[in-house]
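Colleague: The following block contains a protein sequence and its predicted model.
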Amino acid sequence: AQTVTQSQPEMSVQEAETVTLSCTYDTSESDYYLFWYKQPPSRQMILVIRQEAYKQQNATENRFSVNFQKAAKSFSLKISDSQLGDAAMYFCAYSSRNQGGKLIFGQGTELSVKP
Amino acid sequence: DVKVTQSSRYLVKRTGEKVFLECVQDMDHENMFWYRQDPGLGLRLIYFSYDVKMKEKGDIPEGYSVSREKKERFSLILESASTNQTSMYLCASSLNPGREAFFGQGTRLTVV
């Protein structure tokens, strides 16, 4: 069965600095998708970034980028120029067509941003 | 704008009651999901559905059942609520496995 692991329950970053959140996953499939979601105190989950496993190029969305290492089954999220509004719970997630669209999440990392 | 609407934000039920949590999406999405969220455990998948009347167990289906009679509606049923089912419940939908999932606002259920 596929699993997603986030080993950092909490992280902290100074405003304007860069922080990296870690995620590893376990799968025997070659075609899958990876996501980072953000959950602010409002509880509304928001997609931050997605990566298709067949693409070697790392996805980027403005200040957010990923380091996708397929062989190592690692998918870390880098937040550059951190802002106070980035403070939230971040979840890594996995999905694949072979599993019928089952979407599996990690345990989450709570990010705090210090002014 | 995609909307996923959960019927209640807060719910208090008594032990042994049958509880229905309703979720409706308005974007004709194929996939729908129910998760429970607990501190330190992340989002754990209870059930998901990839089509009308189709359902698959997730990682923690015990004590729960689901119903998807119409494409837009996915209901989570607690057959006999217990205190260990006190949690935050999140519903989500997506068009297909590679696409973004959209979430409801969550239902915080307390079983007393």
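Modeller: Perfect, thanks for sending it.
Colleague: Quick one: list the elements packing against the helix or strand bottoming out on mean pLDDT in chain A.
Modeller: Here the helix or strand of chain A ranked lowest by mean pLDDT, DSSP states H and E is strand A:103-105, holding a mean of 91. Judged by 3 or more Cβ pairs under 8 Å, 6 or more residues apart in numbering or on different chains; DSSP states H and E, the packing partners of strand A:103-105 are strand A:3-5, strand A:88-95, strand B:31-38, strand B:42-51. (Glycine included, C-beta is placed from N, CA and C.)
Colleague: Could you take those strands and lay them out as TSV, with extra columns for distance to B:Glu22 and mean neighbour count?
Modeller: Shown next, in TSV, are the helices and strands packed on strand A:103-105 (distance: least, Cβ to Cβ, whole Å; neighbours: other Cβ atoms under 10 Å in any protein chain shown):
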stretch	distance to B:Glu22	mean neighbour count
strand A:3-5	28	17
strand A:88-95	24	24
strand B:31-38	11	24
strand B:42-51	14	21
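Colleague: Let me have the ones you listed in TSV, extended by mean pLDDT and distance to A:Ala16.
Modeller: Putting the helices and strands packed on strand A:103-105 into TSV (pLDDT from 0 to 100; distance: least, Cβ to Cβ, whole Å) gives the following:
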stretch	mean pLDDT	distance to A:Ala16
strand A:3-5	94	29
strand A:88-95	96	17
strand B:31-38	95	31
strand B:42-51	93	29
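Colleague: B:Thr107: which of the ones you listed is closest?
Modeller: Among the helices and strands packed on strand A:103-105, the nearest to B:Thr107 by Cβ to Cβ is strand B:31-38 (9.9 Å).
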